[in-house]
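Enquirer: What follows is a predicted protein model with its sequence.
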Amino acid sequence: MGPRIARCPASPSGADRIRRLLVLFSALLAAASPAAAQGRAFSIDRFAATIQINPDASLSVREAITYEFRGRHNGIYRTIPIREFRRGHERVLRVDNVHVFDESRQPLRTEVTRAGHYVEIKAWVPGAVNTTRTIAILYRVRRGLLGWDDSDELYWNVTGTEWEVPIRVAEAFIASPRAVPDDLVRSIAYTGLGGAAGNDYTEERAQNVITFRTTRPLRPREGLTVVVGWPRGYIARPSAWQEAGWFLGDNWPLGLPLLTLAMVLGVWGAYGRDPASNRSIKPEYEPPQDLVPAEAGALVGERAHPRDLVATLVDLAVRGYLHIEQVTTAFGDTDFLFKRLKPVADDPVLKPLEVFVLAKLFGADWDLNLRLLSEVKRDYDWTFPPIREEIYRTMVADRLFPVSPERVRTVWAGVGLVVAGAGVLELMAQPRWLAAFSWPLPAGVTGSGLVILGLSWLMPRRTLRGVRALVRVRGFQEFLERAEKDRLERMPADIVHRWLPWAIALGVTERWILNFEGLKVDPPAWYTGRDLWSLPAYHRDVSDFGGKAQEAVLTTRRSPGDAWSRGGGSSGGSSAGGMGGGGGGTF
């Protein structure tokens, strides 16, 4: 006989492998199916809650829950809602001193977490396999009572209405404050689904203890709620400071705007505040030689104004580049005619801002020498924004600002709008029932955005050169407002016209012109009016020109469709009401 050869089993084919995987997968699905899950379930035989109302208005709660375990369980969990929207703000329970024991009074391993609007108490129960166990959950509650003008009230959802299993018997033992006479204590209870006002219960009283007991089993998501009230004065109410602390703790997002304010002011102090200057403001008797009037006006308020454009036009006229004449149109309206007197191209004296303004007035090709102000208003749509940007560019080029103040404001305002918009969207995106409980966060975010938006005007900063120029401008503004007549008499006769553009830019036109009352002043060479020459008429014409010029550059033409588009207990009660409640389960 030849040698015996041990034969190895044949390797499974690809089809066999697939077949075995399918069998294994089917077995896993079967194990996870509802039919398999039926072997692991529980119900509640008895839910007994003892609530002691303490003199300091806190509650000592003991819940003895008898579970009937079917199958293998690791433990139980109990969820307790801690947030309620009442009296216009969110009210949050303080739940602490949590302990869990078994029926032998042995402490169980416990884990307490706060998840959203709930406190979850999780306890591991050894030997929870096809057995009945009674688990005692003890905890303290602060802010669990409602205080009215003449009474105090416990409005407590004993079992909660979030259990997915029936409760055969529910009981509540309420120990009212010992000092309260029994005849002054009022009580009622509710049973059923959330919002129901069933009365399937009995009530007994003995030695300041009120016992409520259901008279029928509670179906899944049904519960027992009790209301017990007594006259005010038998328990201590929280102080105003304590209530304020709780309110801020409950609604801490409302403090976000204050935090944002502190942060923005901190950023402003570090990066937005002007450099310190040791120079004090004193009268200056001539304007800064290296600035034009528009820069002076924008430097004071960190913002270009349409009157800065008016000042530029008058300044160019005073310096002989154009002439302004008041005319009457064929319809009897007042208009102003601009006449170009000098060539502008390649003029080394003019700043880019001034060339830009003249180009807007007479055309970039310099093909016009005459232009009515009404034509500017008719031909240009919203003329001022590009001129405003040119003013800022000129000031940055002259090192008065490190960056355009308008750009700084726009960035900060944009951030504020985004943050505020996020808060509004957060509130709108929430379900209506949840928005009532979560309004402080979107309100705080929205408020923070509004703080950033409101302080955006504060964020531009001047350079040290800009600060020093501002001191000189302020000093010159003081002189324009308060110039003494004896000093004006010693100045050149045309000084009222020469420095008029600066008075316009700094907003002191009337004060400057009327300072010359009683002095001999010749008519201006840069302007021709219709009325006889006088200082009041001069002031009136300058004001009229300034108003019409600002109106012209700020006008936006309407599209043809625009004309059409304008067109023509004490708190009431029910099951699941009040504080407390929730539900639970096993794991």
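Expert: Here it is on my side, so go on. What you see is a predicted model, and the numbers here were worked out from it, not measured in a lab.

Enquirer: give the contact list for the residue nearest the centre of the chain.
Expert: What sits nearest the mean C-alpha location of the chain, by CA atoms, centre = their mean, is Thr446, with 1.2 Å. Contacts for Thr446 (CB atoms under 8 Å, 6 or more residues apart in numbering) come out as Val419, Ala420, Gly423, Val424, Leu427. For glycine as for every other residue, the C-beta is placed from the backbone atoms N, C-alpha and C.

Enquirer: could you redo the last one with a cut-off of 10 Å?
Expert: With contact set as CB atoms under 10 Å, 6 or more residues apart in numbering, Thr446 has these partners: 253, 256-257, 419-427, 439.

Enquirer: cool, Pro275 as well?
Expert: By CB under 10 Å, 6+ apart, the contact set of Pro275 is Arg461, Arg462, Thr463, Leu464, Arg465, Gly466, Val467, Arg468.

Enquirer: need those in a markdown table with neighbour count, can you?
Expert: Below are the contacts of Pro275 laid out as a markdown table (neighbours: other CB atoms under 10 Å):
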| residue | neighbour count |
| --- | --- |
| Arg461 | 19 |
| Arg462 | 22 |
| Thr463 | 18 |
| Leu464 | 12 |
| Arg465 | 14 |
| Gly466 | 24 |
| Val467 | 17 |
| Arg468 | 17 |
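
Enquirer: re the thing from before, is it correct that the residue nearest to the centre of the chain falls within a strand?
Expert: No. Counting by DSSP: H, G, I helix; E, B strand; the rest coil, Thr446 is not part of a strand but helix.

Enquirer: what's the spacing between it and Gly416?
Expert: As for Thr446, its distance to Gly416 is 10 Å (criterion: CB to CB, to the nearest Å).

Enquirer: Check which residues of stretch 117-125 are buried.
Expert: His117, Tyr118, Val119, Glu120, Ile121, Lys122, Ala123, Val125 (16 or more other CB atoms under 10 Å).

Enquirer: Which one of these is nearest to Phe173?
Expert: Ile121 (20.0 Å; CB to CB).

Enquirer: In contact with the closest one, which residues?
Expert: 63, 76-80, 95, 98-100, 110-113, 137-139, 582, 584.

Enquirer: please redo it, this time with the cut-off set to 6 Å
Expert: Contact partners of Ile121, counting by CB atoms under 6 Å, 6 or more residues apart in numbering, are Arg78, Val98, Val112.

Enquirer: One more: Gln326?
Expert: Phe336, Gly529, Arg530.

Enquirer: wait, the first one sits on Leu373?
Expert: Read that as Phe336. Yes. Between Phe336 and Leu373 there is a contact under CB atoms under 6 Å: 4.3 Å.

Enquirer: Of the contacts of Thr446, grab the buried ones for PyMOL.
Expert: Command for PyMOL that selects the buried part of those, burial taken from 16+ other CB under 10 Å:
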select buried, resi 253+256+257+419+420+423+426+427+439
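
Enquirer: Report the two of the contacts of Thr446 separated the most.
Expert: Spatial extent of the contacts of Thr446 (CB to CB) is set by the pair Pro257 and Leu425 at 17.7 Å.

Enquirer: Val100: neighbour count?
Expert: 25 (other CB atoms under 10 Å).

Enquirer: and it, what element?
Expert: strand 94-101 (DSSP states H and E).

Enquirer: do Ala503 as well
Expert: Short version, using DSSP H and E: Ala503 is in helix 500-505.

Enquirer: Show me this structure divided up by domain.
Expert: Using automatic domain parsing, the domain parsing of the chain gives 39-245, 287-402+461-554.

Enquirer: which one of those has the lowest average pLDDT?
Expert: Mean pLDDT across the domains of the chain is lowest at domain 39-245; the value there is a mean of 84.

Enquirer: longest single helix anywhere in this protein?
Expert: Taking DSSP state H as the criterion, the chain has its longest helix at helix 405-429.

Enquirer: Show me the strands in the stretch 451-587 of the chain, by range?
Expert: Shown for the stretch 451-587 of the chain, the strands assigned by DSSP state E, counting those that start in this stretch span residues 527-528, 579-580, 583-586.

Enquirer: which stretch in those strands has the least confidence?
Expert: strand 579-580 - the lowest mean pLDDT of those, at a mean of 59.

Enquirer: Distance of Trp526 relative to Pro501?
Expert: Following CB to CB, the distance that separates Trp526 from Pro501 is 10 Å.
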